[in-house]
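A.B. asks: Would you be able to build a 3D model of this:
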Amino acid sequence: MPTTISQTEPKPKAPRRQPRRISKEQFLRDYSDKEDGYKYEWNNGVVEKTKAMNQQQAILQAVFFRHFINTQTFKGGGLFTTETDMDTSPSHFRRPDLAIYTGEQVRLMKKGENQVAPWLAEIISPTDNADKINEKLEEYFRAGVQVVWHIFPTSKKVDVFTSPDDVTICRGKTVCSGAPALPDFQIPAEALFA
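C.D. replies: Coordinates of the predicted model:
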């Protein structure tokens, strides 16, 4: 008796829905003060939602702050902050996990002028999308950021970028430097994960 194999046509995939675009004004109105455990950024009209900082990340924040208060930037009125609004272009509104601003930038911020942090860090989780991480890295440098740290708590390493193409990988006793933005801001990688 011959065996018949029935073939079923694969179901066509539903077309991928385009994300809804909103204006920056609507984003600021609807998402600026939203406190639901998420961080929202505005990327060319599209709202990007990621988890807000958790307790482990707050511990990293405290380690950074303890090192920051020993810098000339801090002594000159600089600001260390988390998830603070930063326009990187007319079509991009970001909230980096950690950012440091100079005293002069703080004075300009008080006058209502948007400032781009010279140093910032993003804490990378296992669920973050690599392409989005790289797109944001390039965006930060186009906006004028001088140093970006990508912190990987799971693998206990820090990638220190001074351009999208220049990276120093820090693990263990290797010192992560904030230069050229913050030459005296230096932390051994192991201190972040102790």
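A.B. asks: which residues in the chain form helices?
C.D. replies: Using DSSP state H, the helices found in the chain span residues 24-31, 55-68, 72-75, 103-110, 130-143, 189-192.
A.B. asks: Identify all contacting residues around the second one.
C.D. replies: Counting by CB atoms under 8 Å, 6 or more residues apart in numbering, the neighbours of helix 55-68 from elsewhere in the structure are 53, 74, 78, 80, 82, 97-98, 100, 121, 123, 151, 153, 185-187, 191-192. Using the backbone N, CA and C atoms, a C-beta is placed for each residue, glycine as well.
A.B. asks: same question, the third one
C.D. replies: Here helix 72-75 makes contact (CB under 8 Å, 6+ apart) with 68, 80, 100, 102-103, 182, 184-185.
A.B. asks: Repeat the analysis, applying 6 Å as the threshold.
C.D. replies: 68, 102, 182, 184 (CB atoms under 6 Å, 6 or more residues apart in numbering).
A.B. asks: Which ones among those map onto strands?
C.D. replies: 182, 184 (DSSP state E).
A.B. asks: how long is stretch 160-178 end to end?
C.D. replies: 8 Å (CA to CA, to the nearest Å).
A.B. asks: Just give the number of residues close to the residue lying closest to residue 85 once chain neighbours are set aside.
C.D. replies: Once flanking residues are discounted, residue 85 sits nearest to residue 95: 6.1 Å by CB to CB, 6 or more residues apart in numbering. Counted with other CB atoms under 10 Å, the neighbours of residue 95 add up to 20.
A.B. asks: do residue 129 as well
C.D. replies: When neighbours are counted by other CB under 10 Å, residue 129 registers 11.
A.B. asks: now it: how far from residue 90?
C.D. replies: 24 Å (CB to CB, to the nearest Å).
A.B. asks: low pLDDT regions in this structure?
C.D. replies: 1-16, 32, 37, 39, 41, 50-54 (pLDDT under 70).
A.B. asks: how does it look with 90?
C.D. replies: 1-62, 83, 85, 89-93, 95, 125-128, 194 (pLDDT under 90).
A.B. asks: Show me what residue 49 is bridged to.
C.D. replies: residue 40 (DSSP bridges).
A.B. asks: Next one: it relative to residue 81, how far apart?
C.D. replies: 21 Å.
A.B. asks: Which one's more surrounded, the two?
C.D. replies: Taking other CB under 10 Å, residue 49 and residue 81 do not tie; residue 81 has more neighbours (18 against 12).
A.B. asks: Neighbours of the closest residue in space to that one that isn't next to it in sequence, how many?
C.D. replies: Nearest residue to residue 81, sequence neighbours excluded (CB to CB, 6+ apart): residue 99, at 5.5 Å. Residues lying near residue 99 (other CB under 10 Å) number 23.
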